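> Quick one, what's the 3D model for this:
(chains A and B)
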Amino acid sequence: MYYSSMEERLKKLKRLRELKINPYPYRFDRSHTFSRIKNDFEELSRSQTIIKTAGRIITIRRHGKTIFATLNDENEKMQIYLRKADLGEGFEVFENFDIGDFIGVEGKVFKTRTGEITVHVEKFTLLTKSLRPLPEKWHGLRDIEIRYRKRYLDLIANQEVREIFRKRSKIIKLLRNFFDGKGFLEVETPVLQPIYGGAAARPFKTFYNALNQEMYLRIADELYLKRLIVGGYEKVWEFCRDFRNEGLDRFHNPEFTMIEAYQAYTDYYGIMELVEELLEFLVKNLYPSNSLTFGDKSVELKRPFKRIKYTEALKEILGVDILKINQSELDRFCQRFGIKTEGQTIGYKIDKLFSELVQKNLIEPTFVIDYPKVISPLAKEHREDPALVERFELIIFGLEIANAFSELNDPIDQRKRFEQQLAQKEEGIAEIDEDFIEALEYGMPPTGGLGIGVDRLCMILLNQPSIRDVILFPQLRREDAR
RNA sequence: GGGUCAUUAGCUCAGGUGGUAGAGCAUCGGAUUUUUAAUCCGGUGGCCGCAGGUUCGAGUCCUGCAUGACCCA
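Reported below is the predicted structural model:
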């Protein structure tokens, strides 16, 4: 099928080889990229400098004894101009070139009468022969499935997609600069873990033959980073690729990137300031103003961010303290708002109510603080209310962007919380990580900890509607038929 | 897991009530020495996602399946 569309190109490949032209040579040293040619045009034109440059052919306009073509390099387009009068017999070789081929060219630059900067080619070299036709030049590649499955075509056809991932890379760099500037040590902890924990999620399981034991891909780094605080580091952080064996939708990819950061001697208030500073730093370095747009909504990032208390926000809507009502009252509220209660834990029901009734509507950057203890097994009990913990989430555009605690460092309380989780058959824990408890028993100083979903952060910073638009190769079901 | 929608040429898309499958771009041949979505003339290209069913006849109607998008759980 596709073979027939490739036939012509294979014929040209054969003809090129017959002309002793290597369609896949090894190297081409450019003197200028296209953007440098454009920047330095006046000087290059005046000095009649012969430049060497290269790119992928994206359009060809043949006019008998002349040819115009447009090349693409990573950042720019460049028109080239070839004349039979300049190239003699070599001119015919270009007949075997197609849209998609990479070529290198040498020549002087000039402006056409419409003012377009153009390379007047004196010599050209095939750098790679392309055997398949590219997506159409005008409409680009729209088919969202092909865009995700064959991202390379998306990147070739859609410049704005290239730009998104450049910006993602910039965000990653800014995050690194930020934590580096704050004196945090960037560390690497195991992806492959014998006991998983640190979040409420199902893990991917695998098997390690040499040790003859089951292993898990991490769902979070929390328990390892805290071990490092026990070990004496005072500020550690990590870019963590985490894996959660759950559904995938607009906000979830099974494999995703988090930042976790832990700082000794501080609490969740300290982390709140850190997060405010971080957001301000990111937006300042990405945009001229401090406003953010996501879909049809815009917000101002102004410190200090609004703070609301978890239980008080719910109380405003339900009229009661969610932690002071009994099971059947809780179930009644759930039913009233269409939340399934069957077989669900108390924590699930409370949190579901919260995200439906409160979180969804928090558009402006808002710290939701003081979570129920029952849904926060790794956070330290609130200093004023034993039913709560010192925890906050940062919500922007209704999305959870950051999650942070005053970290629980009482090993006896921690064991009790793990045991309760196990008894409730909650997700995220299959057995108690005894080594982690033991580490706490040696003593972890008071610590503030932070997690940030980097993909979601990129979504709101880059105004992309789906997590798949900020992940180069998002997970899709395997489809062999194509 | 449930609902809605989508799947037609390499790409982007048309194909009222069932009657021989279409356009633009790309591609191929021809013309063209400053074009730029080049232009002009002439061609090639289809398991209409897959499998059944209804019908004299299905891209179109029905069922199932696959993949994807969105919404819900």
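> Let me see the contact set for residue A:446.
Listed by CB atoms under 8 Å, 6 or more residues apart in numbering, the contact partners of residue A:446 are A:264-267, A:406-407, A:409. Any C-beta I mention is one placed from the backbone N, CA and C, and that applies to glycine too.
> Scan those and report the most crowded one.
Highest neighbour count within the contacts of residue A:446: residue A:407, with 30 neighbours (other CB atoms under 10 Å).
> Quick check: that one touching residue A:381?
No - between residue A:407 and residue A:381 there is no contact, the gap being 11.5 Å when judged by CB atoms under 8 Å.
> Return the set of buried residues in the helix or strand harbouring residue A:238.
Residue A:238 belongs to strand A:235-243 when assigned by DSSP states H and E. Using 16 or more other CB atoms under 10 Å as the test for burial, strand A:235-243 gives A:235-240, A:242-243.
> Which members of those residues additionally contact RNA strand B?
Near RNA strand B, judged by CB under 7 Å from any atom of the strand, there are no entries from those.
> and the stretch 51-200 of chain A, which residues reach RNA strand B?
Residues of the stretch 51-200 of chain A lying near RNA strand B (CB under 7 Å from any atom of the strand): A:59-66, A:68, A:70, A:79, A:81, A:83-85, A:98-99, A:110, A:112-116, A:118, A:133, A:135-146, A:148.
> Now, those that are in helices?
Among these, DSSP state H puts A:84-85, A:144-146, A:148 in helices.
> Need these in a markdown table (columns: neighbour count and pLDDT).
Converted to a markdown table, those look like this (neighbours: other CB atoms under 10 Å; pLDDT from 0 to 100):
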| residue | neighbour count | pLDDT |
| --- | --- | --- |
| A:84 | 15 | 96 |
| A:85 | 9 | 95 |
| A:144 | 12 | 94 |
| A:145 | 10 | 94 |
| A:146 | 15 | 95 |
| A:148 | 18 | 96 |
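> Show me the longest helix that occurs in chain A.
helix A:159-181.
> And the contacts of that one?
A:74, A:147, A:154-155, A:186, A:237, A:239, A:259, A:261, A:277-278, A:281-282, A:285-286, A:454, A:457-458, A:461-462, A:464, A:469-470, A:472.
> Contact partners for residue A:235?
Taking CB under 8 Å, 6+ apart as the test, what residue A:235 contacts is A:182-185, A:261-264.
> Among those, find me the one that's closest to RNA strand B.
Within these, proximity to RNA strand B (CB to the nearest atom of the strand) peaks at residue A:261, which comes in at 29.4 Å.
> For that closest one, give its distance to residue A:407.
11 Å (CB to CB, to the nearest Å).
> what is in contact with those two at once?
residue A:449.
> mind listing the helices in the stretch 201-350 of chain A by residue range?
Per DSSP state H, counting those that start in this stretch, the stretch 201-350 of chain A carries helices over the ranges A:222-230, A:268-286, A:310-318, A:327-336, A:346-357.
> Any chance you could give me the last one in CSV, C-alpha atoms only?
Backbone C-alpha positions of helix A:346-357 (Å, rounded to 0.1, in the frame of the first residue of the first chain) are rendered in CSV as follows:
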residue,chain,number,x,y,z
ILE,A,346,-14.3,7.8,54.2
GLY,A,347,-11.3,9.6,52.9
TYR,A,348,-12.4,9.0,49.3
LYS,A,349,-15.9,10.3,50.0
ILE,A,350,-14.6,13.5,51.7
ASP,A,351,-12.1,14.2,49.1
LYS,A,352,-14.5,13.6,46.3
LEU,A,353,-16.9,16.0,47.8
PHE,A,354,-14.1,18.5,48.1
SER,A,355,-12.9,18.3,44.6
GLU,A,356,-16.5,18.4,43.2
LEU,A,357,-17.8,21.3,45.4
